[in-house]
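Visitor: Need coordinates for the below:
(one chain, ligands or ions: 1)
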Amino acid sequence: MFKKILIANRGEIALRIIRTCKEMNIQTIAVYSTADKESLHVRFADEAVCIGPPPSRDSYLNIPNIIAAAEITNADAIHPGYGFLSENSKFSAICAEHGIKFIGATPDMIDAMGDKSNAKETMKRAGVPTIPGSDGLLSDLKTGLDIAKEIGYPVILKATAGGGGRGMRIVWKPEEFEAAWDSARQEAGAAFGNDGMYLEKYIEEPRHIEIQIAGDQYGKACHLSERDCSIQRRHQKLIEETPSPFMTEELREEMGNAAIKAATAVRYEGVGTVEFLVDKHRKFYFMEMNTRIQVEHPITEEVINYDLIKEQIKIAAGIPISGNNYFPKLHAIECRINAEDPYHDFRPAPGKITTLHVPGGHGVRVDSHIYAGYTIPPNYDSMIAKLITIAQSREEAINTMERALSEFVIEGVKTTIPFHQQLMKNENFRKGTYTTKFMESFKMEE
Ligand code: MV4
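Guide: Numbers count the residues shown, from 1 in each chain. I've put the predicted structure just below:
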């Protein structure tokens, strides 16, 4: 087992990783930017190394500085958390070259899944359902138009290097195709330095349901059930829950098996997520595969009683997985509490937290790095806490969430707590009938 792990991240996820390391008797090294000098991850780790000034590209994305920090402290592994360098194939390769175990995917795997068209073709060959569309990249506009005519409108153009919805265009009729093609390619080229595009039938009002998987170094893989992440705004998830209110035992079995097929086909090592779009007929299609731990992992941990960070570390250390699939025994919901003003287009609201009261009691978990007197820097993600409730049923988990939200006091900055309070009262949310379109019609009441 590793003796020392460097955590190449900040905020709540850095704390989350340190907590598991402590329980596993593994020494921890925090890295921090000058903006994070007073952060809890710096205080909770055994050692801490400053890696640069506030901008991410100079600190949490600064590969030479992070590798230097790992070398001077004798780290034998690096945990990248989510975001930052977690899906950076160069970083994964550089860690390997330095004899440091990257607790995440291999460079080849990151590249294979990071190229969305390639990932889709790989999954199609493995027998995982994919959305009808082009076979690989579109060579030119004419081919795109021909395929669109064949599969029928609406269609969606997607950048193969895409992410966060960038370089994506829905095309409702042939007359709109050329303009969409030009602008999507231009956007993708500028954002990713890669303007490769592929085409799919557009699925209207789908649900985003993802399957948590784990694979070990010996080719074995299992699934750990689903998370429903359909409630998003501008490709940012606001709330996640498991089980999905849309799920049936039969569908879970089918999607779980498809996810295992996906993981086994690429000999996936580590924990990962296979994202699916599910249409109103409960037909599901591969969308993307994430090769990192995700923000919303705690809801899965809570319903199956399983430490996913511990599993990541064990897999990286060469310990085989049991191979059992896990099914939810409870219901869990996560509300992402962001320092944003939900009454003004969710605009970021960094600043100093003057008063803090964190909810507790039965069925409540809070993963957060904030404290009274903490100043949220403007340089990073606005998520400041994850409020997770766990209960025997969905209705009870919602009731616990309402109770926990009412106890949560954060003063000094605006937060998304009022949004979540209104969401818990929303009829569509309570019925569980929401889709990825939900936030387009949601309006905050004053
Ligand atoms: C789609 C789609 C409908 N049909 N593909 C959004 C980001 C990227 N991961 C893929 N996305 C979508 N792909 C087809 N063929 C709708 C979306 C989509 C979406 C998906 C999941 C969660 C929220 C979303 C919001 C808008 C669009």
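Visitor: Up against the ligand, what does the stretch 51-200 of the chain have?
Guide: The stretch 51-200 of the chain has residues 131, 156, 165, 200 near the ligand, with proximity defined as Cβ under 6 Å from any ligand atom. From N, CA and C alone the C-beta is placed, and that goes for glycine too.
Visitor: wait, the second one sits on residue 197?
Guide: No - in this structure residue 156 lies outside contact range of residue 197 using Cβ atoms under 8 Å: 10.4 Å.
Visitor: who's more crowded, the two?
Guide: With neighbours defined as other Cβ atoms under 10 Å, residue 156 and residue 197 compare such that residue 197 has more, 26 against 19.
Visitor: So what pairs up with the closest residue to the ligand within the stretch 51-200 of the chain in the strands?
Guide: In the stretch 51-200 of the chain, the residue that lies nearest the ligand is residue 200 (3.8 Å; Cβ to the nearest ligand atom). Beta-bridge partners recorded for residue 200 (DSSP bridges): residue 133, residue 156.
Visitor: quick one: contacts for it?
Guide: By Cβ atoms under 8 Å, 6 or more residues apart in numbering, the contact set of residue 200 is 131, 132, 133, 134, 155, 156, 158.
Visitor: 10 Å instead, please
Guide: Listed by Cβ atoms under 10 Å, 6 or more residues apart in numbering, the contact set of residue 200 reads 120, 130-134, 147-148, 151, 155-158, 277, 285, 287.
Visitor: Likewise for residue 266?
Guide: Residues near residue 266 by Cβ under 10 Å, 6+ apart: 105, 108-109, 112-113, 119, 122-123, 126, 215, 221, 272, 289, 291.
Visitor: what are the ranges of the helices in the stretch 251-400 of the chain?
Guide: Using DSSP state H, counting those that start in this stretch, the helices found in the stretch 251-400 of the chain span residues 297-304, 308-316, 394-407.
Visitor: Next, the angle from the first one to helix 308-316.
Guide: Here helix 297-304 runs at 90 degrees with respect to helix 308-316, directions being taken by axes from the mean of the first three to the mean of the last three Cα atoms, to 10 degrees.
Visitor: and helix 297-304 with helix 394-407, angle?
Guide: Using the same axes, to 10 degrees, helix 297-304 lies at 130 degrees relative to helix 394-407.
Visitor: Run the chain-centre distance for helix 297-304.
Guide: 14 Å (Cα atoms, centre = their mean, to the nearest Å).
Visitor: cool, and the last one?
Guide: Here the centre of helix 394-407 is set off from its chain's centre by 23 Å, with Cα atoms, centre = their mean.
Visitor: So residue 117 sits against residue 137, correct?
Guide: Yes - judged on Cβ atoms under 10 Å, residue 117 makes contact with residue 137 at a distance of 5.4 Å.
Visitor: which one of those two has more residues nearby?
Guide: Neighbour tally, residue 117 and residue 137, criterion other Cβ under 10 Å: the higher count belongs to residue 117, 22 against 16.
Visitor: got a list of what that one touches?
Guide: For residue 117, the contacting residues are 133-138, 158-162, 196-199, by Cβ under 10 Å, 6+ apart.
Visitor: how much space between it and residue 133?
Guide: Using Cβ to Cβ, to the nearest Å, one obtains 10 Å as the distance from residue 117 to residue 133.
Visitor: Closest one to residue 362 out of the contacts of residue 117, please.
Guide: Distance to residue 362, by Cβ to Cβ, is smallest for residue 162 among the contacts of residue 117, at 42.1 Å.
Visitor: For that closest one, the count of nearby residues, please.
Guide: 25.
Visitor: Shouldn't it be within a strand?
Guide: Yes - counting by DSSP: H, G, I helix; E, B strand; the rest coil, residue 162 falls inside a strand.
Visitor: Is it correct that it is in contact with residue 189?
Guide: No - between residue 162 and residue 189 there is no contact under Cβ under 10 Å: 11.7 Å.
Visitor: Find the residues that touch each one of the two.
Guide: Joint contacts of residue 162 and residue 189 (Cβ under 10 Å, 6+ apart) are residue 196.
Visitor: List buried residues within the contacts of residue 266.
Guide: 105, 109, 112-113, 119, 122-123, 126, 215, 221, 272, 289, 291 (16 or more other Cβ atoms under 10 Å).
Visitor: Could you list which of those belong to helices?
Guide: The members of these that map onto helices under DSSP state H are 109, 112, 113, 119, 122, 123.
Visitor: Dump these into CSV; add distance to residue 305 and pLDDT as well.
Guide: Conversion of these to CSV gives the following (distance: Cβ to Cβ, whole Å; pLDDT from 0 to 100):
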residue, distance to residue 305, pLDDT
109, 28, 96
112, 32, 94
113, 28, 95
119, 31, 97
122, 33, 96
123, 30, 97
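Visitor: those helices in the stretch 1-150 of the chain, which residues are they?
Guide: 11-23, 40-44, 63-72, 89-97, 107-114, 116-125, 141-151.
Visitor: how about the ones you listed, which one is nearest residue 281?
Guide: Residue 281 sits nearest to helix 141-151 of all the helices of the stretch 1-150 of the chain, at 17.1 Å, using Cβ to Cβ.
Visitor: Please identify the buried residues of that closest one?
Guide: Neighbour counts using 16+ other Cβ under 10 Å place 144, 145, 147, 148, 151 of helix 141-151 among the buried residues.
Visitor: correct me, but residue 402 touches residue 425?
Guide: Yes - counting by Cβ under 10 Å, residue 402 does reach residue 425; the two are 8.1 Å apart.
Visitor: First-to-last residue distance for stretch 41-56?
Guide: 16 Å (Cα to Cα, to the nearest Å).
Visitor: And it, what's buried?
Guide: Across stretch 41-56, burial judged by 16+ other Cβ under 10 Å covers 41, 42, 44, 45, 47, 48, 49, 50, 51, 52, 56.
Visitor: thinking again about what came up before, need the overlap of contacts for residue 156 and residue 197.
Guide: By Cβ under 10 Å, 6+ apart, the residues touching both residue 156 and residue 197 are 168, 169, 180, 184.
Visitor: quick check: domain ranges of this structure?
Guide: What automatic domain parsing lists as the domains of the chain is 4-103, 132-201, 207-441.
Visitor: Export those to TSV and append columns for mean pLDDT.
Guide: Shown next, in TSV, are the domains of the chain (pLDDT from 0 to 100):
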stretch	mean pLDDT
domain 4-103	98
domain 132-201	96
domain 207-441	98
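Visitor: quick one, phi/psi of residue 167?
Guide: phi 70, psi 30 (degrees, to the nearest 10).
Visitor: Give the closest residue to it in space, chain neighbours not counted.
Guide: The shortest distance from residue 167 to any non-neighbouring residue, by Cβ to Cβ, 6 or more residues apart in numbering, is to residue 159 (2.8 Å).
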